[in-house]
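1. return a 3D structure for these sequence lines:
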Amino acid sequence: MKRLRKRIRQRGKIRLSEYFKELEIGQKVAFMPELSVGFEKEHKRYRGLVGIVKEKRGSCYVVEIKKGNKIKQIIAHPVHLKKIA
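-> Okay, here's the model as predicted:
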């Protein structure tokens, strides 16, 4: 079972650098929903999956994630995305 609760030292405000971070098109990212900032409940099933940034829409990014045999597109704020080297 996946853990949806944050550890005690990670609770509270998010850093502004996380909120305003910039991602590049084609960069690999992991989708990790930030619990202190609102997110859609249906996105829990994509937690921890790796995808590629396809485009930017306003302040959010479109990420393509492969789920089973299908390719899904998720529109997410950069707070919910973690860079992968």
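2. any regions of this protein where pLDDT drops low?
-> Regions of the chain meeting the criterion pLDDT under 70 cover residues 1-4, 38-42.
3. repeat that for 80
-> Within the chain, the stretches falling below the threshold (pLDDT under 80) are 1-13, 35-44, 85.
4. would you map the strands across it?
-> Taking DSSP state E as the test, the strands found in the chain are 28-31, 50-57, 60-67, 70-76, 81-83.
5. of all the ones you listed, which lies closest to residue 10?
-> strand 81-83 (13.2 Å; C-beta to C-beta). (C-beta placed from N, C-alpha, C; glycine too.)
6. which outside residues touch that closest one?
-> 23, 27, 28, 29, 30, 31, 32, 53, 61, 63 (C-beta atoms under 8 Å, 6 or more residues apart in numbering).
7. and which of the residues you listed is nearest to residue 43?
-> Nearest to residue 43 out of those is residue 31 (C-beta to C-beta; 7.5 Å).
8. for the closest one, grab the count of nearby residues.
-> Residue crowding around residue 31 was assessed by other C-beta atoms under 10 Å; the count is 19.
9. ok, what's across the strand from it?
-> Here residue 31 sits in beta bridges with residue 81, going by DSSP bridges.
10. who's in contact with it?
-> Listed by C-beta under 8 Å, 6+ apart, the contact partners of residue 31 are 43, 46-51, 63, 65, 74, 76, 80-81.
11. can you tell me which of those are classed as buried?
-> In those, burial by neighbour count holds for 46, 49, 51, 63, 65, 74, 76, 80, 81, counting by 16 or more other C-beta atoms under 10 Å.
12. the residue lying closest to the first one once chain neighbours are set aside and residue 68: what is the separation?
-> To tie it back to what came earlier, the one meant is residue 46. Leaving aside its sequence neighbours, residue 46 sits nearest to residue 31 (C-beta to C-beta, 6 or more residues apart in numbering; 5.1 Å). Per C-beta to C-beta, to the nearest Å, residue 31 is found 15 Å from residue 68.
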